[in-house]
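**Q** The sequence isn't on hand, but the structure is:
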């Protein structure tokens, strides 16, 4: 069989083959600069048949957590965080935390066991901060607190009171 292909078509075929090869090598499509936090810990989840296994975890700017097998470095699961994701440190086991993903008819729960309580607290903090980006705009420093207070006062004076009050879903990031 003989194919007559133009140089442009051949270049497109070569580029497509290269893109497919890149996808096989990097199935998440992200690079190192996308990684916001990473470490090893244990997980018990639906994709591990609810058995504890040690894995490498990465939080990426895409609001996804990627779970890699430590032995062969293969991606074994992806946890897509949403605005409804709930994170909580265990009250009974020092190094563990729970991540609950509400679905239409069910809640998928993941359990994590870290190397230390400090590591657990860091993970909980990082995940909560990432989930918070679904809920709020970020303001920086004491200026933000002053601006929000001024806006709330001005709206109250105008009889509007439409400013979202500061609550557990809205935080100020200070420096």
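**A** Arrived safely. The structure presented is a predicted model; accordingly, all values stated were derived computationally and were not measured.
**Q** quick one: contacts of whatever helix or strand residue 101 lives in?
**A** Here residue 101, judged by DSSP states H and E, is contained in strand 96-102. Residues lying outside strand 96-102 but in contact with it, judged by CB atoms under 8 Å, 6 or more residues apart in numbering, are 79-82, 84-90, 107-114, 120, 123-124, 127. The way it works is simple: take the backbone N, C-alpha and C, and place the C-beta from them, glycine included.
**Q** Indicate each strand paired with the very next helix or strand once past that strand and its parallel or antiparallel sense.
**A** Past strand 96-102, further along toward the C-terminus, the next helix or strand under DSSP H and E is strand 107-113. Here strand 107-113 has these sheet partners by DSSP bridges: strand 35-44 (antiparallel), strand 96-102 (antiparallel).
**Q** what's next to the first one, contact-wise?
**A** Think strand 35-44. Outside strand 35-44, the residues touching it (CB under 8 Å, 6+ apart) are 50-61, 67, 70, 110-115, 119, 122-123, 126, 130.
**Q** Any of these buried? List them.
**A** Listed as buried from the contacts of strand 35-44 are 53, 55-60, 67, 110-114, 119, 123, 130; burial here means 16 or more other CB atoms under 10 Å.
**Q** quick check, nearest of the residues you listed to residue 4?
**A** When those are ranked by distance to residue 4 (CB to CB), residue 60 comes first, at 44.0 Å.
**Q** Helices of the protein, start to end?
**A** Shown for the chain, the helices assigned by DSSP state H span residues 7-25, 117-132, 141-157.
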